[in-house]
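Visitor: Mind folding the following:
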Amino acid sequence: MQMVKLVHASKQTLRFDFLVTGIFVHRRISIPKLAGSYREQEPLPSSIYVPYSQLQLRKLLELQVISFLHGCTNINQIKQVHALLFRKDLHQCCYVVTKLIRMLTKLEVQMDSYPRLVFRQVKHPNPFLWTALIRGYALQGPFSESVRLYNCMRKEGIGPVSFTFSALFKACGSVLDVTLGTQIHAQTIWIGGFASDLYVGNTMIDMYIKCGLLDYGRKVFDEMTERDVISWTELIVAYARTGDMKSAGDLFDGLPMKDMVAWTAMVTGYAQNAMPRKALEVFEQMQDAGIEVDEVTLVGVISACAQLGASKYANWIRNIAENSKFRPANNVVVGSALIDMYSKCGNVEDAYKVFERMEERNVFSYSSMIVGFAMHGRAHAAIELFFEMLKTDTKPNHVTFIGVLTACSHAGMVDKGRQLFATMEKCYGVSPNVDHYACMVDLLGRAGLFEEALQLVETMPMEPNGGVWGALLGASNIHGNPDVAEIAASHLFEFEPDSIGNYILLSNTYASAGRWSDVSRVRKLMREKKLKKNPGCSWVEAKKGVIHEFFAGDMTHPESSQIKKALEDLIERLKAVGYQPNLSSVPYDVTDDQKRRVLMTHSEKLALAYGLLSTDAGSTIKIMKNIRICEDCHIVMCAASKVTGRKIVVRDNMRFHHFLNGTCSCGNFW
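Guide: This is a model prediction of the structure:
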């Protein structure tokens, strides 16, 4: 028996210090009142010896060795601890050796070498030691060895534990082997005792989700006798990824205790599925519930606000970010997201203020700001910032060049765009991909250089995709070139046979050229394919940040009569300064009077009239639109900004237009 020295004594408790391999361990024990040779009134001797069991000392030693293992950061340190195991006769202790193999796995030591040798030296490995090796192969591969080890363990008569199955299920999910996953699922049932295991159930759900069998994962969830927030959140995230936000919402509503991860899954799910209003609504509920936000939550709700384009929400979310642990000045991810948000909300100046205050900037923050300048038509600012970035030794990436090439395209800077495109790989090590070629085709096409654009498409080192042909079709529509439009559309119909936008652009190009028989042919094709046109939609931010939505030709707004009167009055004022409706903006073979009536109910005009009615004089009117602004509406916005003295900002699906004093930031080049 080990003897230890008494260093202190009181009436009922003795404190002992044990020196175990150089570490003092304090233990308090209660003892009965002393009798016999020691009476209560007599002082205790200065030192006595009390027996302490070998089993207790061994357990203390095991704990200390495991503590040493957890502190190891390299293989040499682990080898020193391994040597200690032999000196202290712990090399057959499954508990300690299991921890040793797990640490070797954590340090990514190849399983076939050191860990496998350690395992073989243990005469009677228990289920946890087997599982440590199975888990190592499941993480590192080959996965087949994990399965072989599991079979060996079963042949040895060793029963698996929950960690065994969780390791195997994770591996099945990683390699997308659902066939083996279902076999292991059957093992949990055949062996028994795992149906109610929470950890096994959660990893099984995860496996089925990763293998694309969401319904199977849901069935496992429904049959689980115990669930935790992970069980619910796994399915919520999976439904969100498939776009089934109704199922995600139903699960979320049924979740008894909602943590930050579950709330974040709903916010980001709605944002990623183009449901920004719902994302903001859930985020507001999250705030009311007093749930702390993290970086992912903030980026998700910032993305939703960027989609909606509403300044009211932008400032609210920025204040939340400023008061969190992820202040945009210190957090490059949140800061970059805010730059993108303000840019898409029409406040490129506020975006630049966020950028300026960032203490750390990387290629993502620079690229976000460059893209922001580009979408607002501030090409010179975008290119200037690009060269400023180069001075900081920040290397541009693919997104950076998409930003500068887009800036050149929107401003008609053909020579600058050619120069930047030519130096991408040679000077900056960024190999042009298909998106960069699409930017160049857009640049050349917008400038009317169709021959050069077609030559670039034909000599591309990769196969042109829908983005390349779409850029050419869009440019053909701008310049009314039906011949090039036919070439681009024929390829697009192969890439995107059910994308109605391509048919509409081709039809509109034919209409602008007066080729009405071709217009009829394209529309007949659309009817045969049962394609329905998405109606033009615009939304405007009224007082207190309230968003009002308008559809083309829809006069169901509660204030429709006032809107119609305000729009008619505005058009009369514009006619007095020379406005004439651009009838070619109506791609239908109808009378001129009918074309004028169609133009009067374009969604952006309805939004403009309501903005004039519902906002204070002198304030900026901000309009968002789901498709490209037509030429007639662009003329109206320009003229309206002059006669009303108001700044009007329109965001269509291509870019921002800033109208002020009768001119647009695009310089009529869009």
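Visitor: pLDDT weak spots in the stretch 451-600 of the chain?
Guide: Residue ranges of the stretch 451-600 of the chain with pLDDT under 70: 587.
Visitor: what about the closest residue to Ala552 other than its chain neighbours, distance to Ala471?
Guide: Spatial nearest neighbour of Ala552, excluding adjacent residues (C-beta to C-beta, 6 or more residues apart in numbering): Gly536 at 3.9 Å. Where you see a C-beta, it was placed from the backbone N, CA and C, and this is true even at glycine. Distance, Gly536 to Ala471, using C-beta to C-beta, to the nearest Å: 21 Å.
Visitor: which regions of the protein lie under the pLDDT threshold?
Guide: Residue ranges of the chain with pLDDT under 70: 1-54, 587, 668-670.
Visitor: can you give me the strands for it?
Guide: Assigned by DSSP state E, the chain shows strands spanning 2-9, 13-20, 23-30, 49-52, 537-541, 547-551, 621-625, 648-651, 656-660, 663-664.
Visitor: per the record, what domains does this protein have?
Guide: 4-65, 442-533, 538-664 (automatic domain parsing).
Visitor: got the contact list for stretch 92-111?
Guide: 62, 65-66, 69-70, 72-75, 78, 81-82, 85, 90-91, 114-115, 118-119, 122-126, 128-129, 131-133, 135-137, 139-140, 145 (C-beta atoms under 8 Å, 6 or more residues apart in numbering).
Visitor: So what's the residue count around the nearest residue to Leu308 once chain neighbours are set aside?
Guide: The shortest distance from Leu308 to any non-neighbouring residue, by C-beta to C-beta, 6+ apart, is to Pro276 (4.3 Å). Using other C-beta atoms under 10 Å, Pro276 has 20 other residues around it.
Visitor: Which residue ranges of the stretch 151-300 of the chain form helices?
Guide: Secondary structure of the stretch 151-300 of the chain, counting by DSSP state H, counting those that start in this stretch: helices at 162-175, 178-191, 198-210, 214-223, 229-241, 245-254, 260-272, 276-288, 295-308.
Visitor: can you list these in JSON lines and add distance to Gly662?
Guide: Shown next, in JSON lines, are the helices of the stretch 151-300 of the chain (distance: least, C-beta to C-beta, whole Å):
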{"stretch": "helix 162-175", "distance to Gly662": "60"}
{"stretch": "helix 178-191", "distance to Gly662": "63"}
{"stretch": "helix 198-210", "distance to Gly662": "56"}
{"stretch": "helix 214-223", "distance to Gly662": "55"}
{"stretch": "helix 229-241", "distance to Gly662": "46"}
{"stretch": "helix 245-254", "distance to Gly662": "44"}
{"stretch": "helix 260-272", "distance to Gly662": "37"}
{"stretch": "helix 276-288", "distance to Gly662": "33"}
{"stretch": "helix 295-308", "distance to Gly662": "29"}
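Visitor: Figure out which of the ones you listed is closest to Asn331.
Guide: With respect to Asn331, and counting by C-beta to C-beta, the nearest of these is helix 295-308 at 6.7 Å.
Visitor: returning to what we had before: how near is the residue nearest to Ala552 to Glu604?
Guide: Gly536 is 8 Å from Glu604, by C-beta to C-beta.
Visitor: Pull up the overlap in contacts between the two.
Guide: Contacts common to Gly536 and Glu604, judged by C-beta under 8 Å, 6+ apart, are Lys625.
Visitor: Look at those two and report which has more neighbours.
Guide: Glu604 (27 against 23).
Visitor: Stretch 624-631: end-to-end distance?
Guide: In stretch 624-631, first residue to last residue: 16 Å (C-alpha to C-alpha, to the nearest Å).
Visitor: what's in contact with it?
Guide: Under C-beta under 8 Å, 6+ apart, the answer for stretch 624-631 is 308-309, 534, 536-540, 582, 584-585, 602-604, 637, 650-654, 657, 670.
Visitor: Can you turn the buried part of the residues you listed into a ChimeraX selection?
Guide: With 16 or more other C-beta atoms under 10 Å as the criterion, this ChimeraX line picks the buried residues out of those:
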select :308,309,536,537,538,539,540,582,585,602,603,604,637,650,651,652,654,657,670
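Visitor: Alright, that wraps it up for me.
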